[in-house]
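Student: No sequence on hand, only this structure:
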């Protein structure tokens, strides 16, 4: 228990150092993930996870517009776009689009208003998407649309282990998948006990 707490403190210090070494905390507001979407090539949402409150009607409109915009872009175009106050970062893997949206808000540093797009690290979010896909590949072999559809609870669990309250908390594949593996083992034990 003491080792876990020490490791957690070390991990928090490392994250703090990474985010605030170049930008002191009084000059930058750390970007927060507003939503994560997983969408197929036909534009059907297979997973959505929101980290700030948005009404159902707004979610439907936002998802359909963002999905339409991402699907209509060619592979030669940039994977970043801005839409309705969100910085949208997306990446395509096989038949799935992984879309991350960050709320763009102007933060003030002194008397001048900074460019709000500086708050979102687009390449960092692309790397997060890649790590998410690698983690899901390690869990399911090669992640596909059917894995997400038929094992939605586990996919949500993976996303929730990596992102908490809109902030990336863990990107280590083994740490993310360990609780899921333990749950699978316990389920198999229960099935063998009851003769299923």
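Tutor: Everything's here; your move. Here the structure is a predicted model, which means the values were calculated and not measured. Numbers count the residues shown, from 1 in each chain.
Student: where does the chain dip in pLDDT?
Tutor: For the chain, the stretches with pLDDT under 70 are 1-31, 105-118, 194-196.
Student: switch to 50 and redo it
Tutor: The model of the chain has pLDDT under 50 over residues 1-5, 22-29, 106-114, 116-117.
Student: So which residues of it form helices?
Tutor: Secondary structure of the chain by DSSP state H: the helices cover 2-20, 56-72, 122-140, 145-150, 152-162, 173-193.
Student: Would you format these as JSON lines with distance to residue 89 and mean neighbour count included?
Tutor: Heads up, the C-betas are built off the backbone N, CA and C, glycines and all. Shown next, in JSON lines, are the helices of the chain (distance: least, Cβ to Cβ, whole Å; neighbours: other Cβ atoms under 10 Å):
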{"stretch": "helix 2-20", "distance to residue 89": "17", "mean neighbour count": "11"}
{"stretch": "helix 56-72", "distance to residue 89": "10", "mean neighbour count": "14"}
{"stretch": "helix 122-140", "distance to residue 89": "4", "mean neighbour count": "18"}
{"stretch": "helix 145-150", "distance to residue 89": "19", "mean neighbour count": "15"}
{"stretch": "helix 152-162", "distance to residue 89": "15", "mean neighbour count": "17"}
{"stretch": "helix 173-193", "distance to residue 89": "20", "mean neighbour count": "12"}
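Student: list the contacts for the residue nearest the centre of the chain?
Tutor: With distances taken as Cα atoms, centre = their mean, residue 36 lies nearest the centre of the chain, 5.3 Å away. Residue 36 is in contact with 47-49, 98-101, 159, 163, counting by Cβ atoms under 8 Å, 6 or more residues apart in numbering.
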